[in-house]
Structures are given as C-alpha cells and as structure tokens.
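In: All I have is the shape, not the residue letters:
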C-alpha cells in the first residue's frame, strides 16, 4: 500500500471528527454522515477535501435541502476525480498534487474545453499550472478561441516568461484588441514580443466588452 494511502487511513478518525464539527449547525444533521463519508473517500484517494466541505457549507447557507447538498458534493467529488484523471493522462505520476487537481477542476468549471486543459497540463509538466490556466481563461473569457489562447500561453512559458507574468501576456493581448487589431492579429503581435512582454499600461480609450480577470482558484 502506498505511503500516502496509509497516512490518509491513519488520519481518518481525526479528520472525520474535524469535518463533522465544521458541518454541525451548517447543514442538516441527517446528511452529515454522508457528506463526511464523501470527504473521507476524497482524502483516501489523495484528492483535495476543502472544496467538498465548502460546497456543503455553501448549500447550507443557501438553505438547500439536505439531499440536494449531498448531490452537489457528489458532483464536486466527480469533478475532482475527473481533474485528477486528466492530469494523469497528461503525464503526472500519481499521487497528483491536490493543488493541481483543484486548479484543473476550476478551469473545467470555467468552461475551458477538456482537450485544451489537458494540452496545457501536458505542455507544462512542472507545477504549478495555475498561472497558465488563469491566463488562458482570461483570454477565453474575452472571446479568444480556446486552442489559440492556449498556444500563446504555452509559447510564452516555453519562451521563458515567468509564471507570475503570464497574466501580463493575456492583458497585453487584450490591449492589442483595444487598439483596433482583430484577435488573430493581437495574438500574433504579442507572440512576436515574447519573452519580452512589458507590463502593459492601461489604454487611454476603450475597453474590451466584459473585461475582467478570472476569480481566484478556490481552495
């Protein structure tokens, strides 16, 4: 049995007590054992558990009925398993880092196509991938074609752009659109600048419709 599984099993009773204490008074008592069981299953599989707990607490805060809260937690667990499987297909060796699982699950919920997320994960084998996926999601949110957005960000990483500057790459691309280029031209212009993309100044006129940065990755 792998070490991480052994540690998860040994920590099970204490973790279960902690989960139940966090759920008491926040979700119907009748569903706490079921939710706790789902959380423990995630822990034993090496998956992040906090998203499941937060999903349950969110449902309780909205006064959703117990069975629907359980169903939502089950869906979230399925998403985490799917994110883990995607990372394994992309080349990550199990056990996959929980933070990477959370990032991929977030990207998929944001609507990034599975094939695009898997392509980014495979092209950037060294975690963290969160900055890259945030930058791709930023472009897709502004109506850039997902595969083209992924190509630009992958090119940026491979050209040596630091992770903490990948959102500057996406922002520079959006600013090229604001300056009148179409999206294809904007991608090509920024690609020619790599890896020396300056921190873009805010344009004086105009704004891309609906411009906003993606929300932070949930814990």
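Out: It's in. Everything numeric in this text was worked out from a predicted model, so none of it was measured.
In: Break the protein down into its structural domains.
Out: 28-109, 112-219 (automatic domain parsing).
In: Now do the same for the longest one: mean pLDDT, whole number.
Out: Along domain 112-219, the predicted confidence averages to a pLDDT of 87.
In: How far does it sit from its chain's centre?
Out: Centre-to-centre, domain 112-219 and its host chain are 15 Å apart (Cα atoms, centre = their mean, to the nearest Å).
In: Check the gap between the closest residue to residue 123 other than its chain neighbours and residue 83 for me.
Out: Counting by Cβ to Cβ, 6 or more residues apart in numbering, residue 154 is the residue found nearest to residue 123 once chain neighbours are left out, at 4.6 Å. Any C-beta I mention is one placed from the backbone N, CA and C, and that applies to glycine too. To residue 83, residue 154 is 19 Å away according to Cβ to Cβ, to the nearest Å.
In: same deal with residue 141?
Out: Applying Cβ to Cβ to residue 141 and residue 83 gives a distance of 20 Å.
In: Looking only at neighbour counts, state which of residue 154 and residue 83 leads.
Out: Legend: neighbour count by other Cβ atoms under 10 Å for residue 154 and residue 83, higher for residue 83 (26 against 17).
In: Run a quick check on the more buried one versus residue 104, I expect a contact.
Out: Yes. Residue 83 lies in contact with residue 104 (Cβ atoms under 8 Å); the separation is 3.8 Å.
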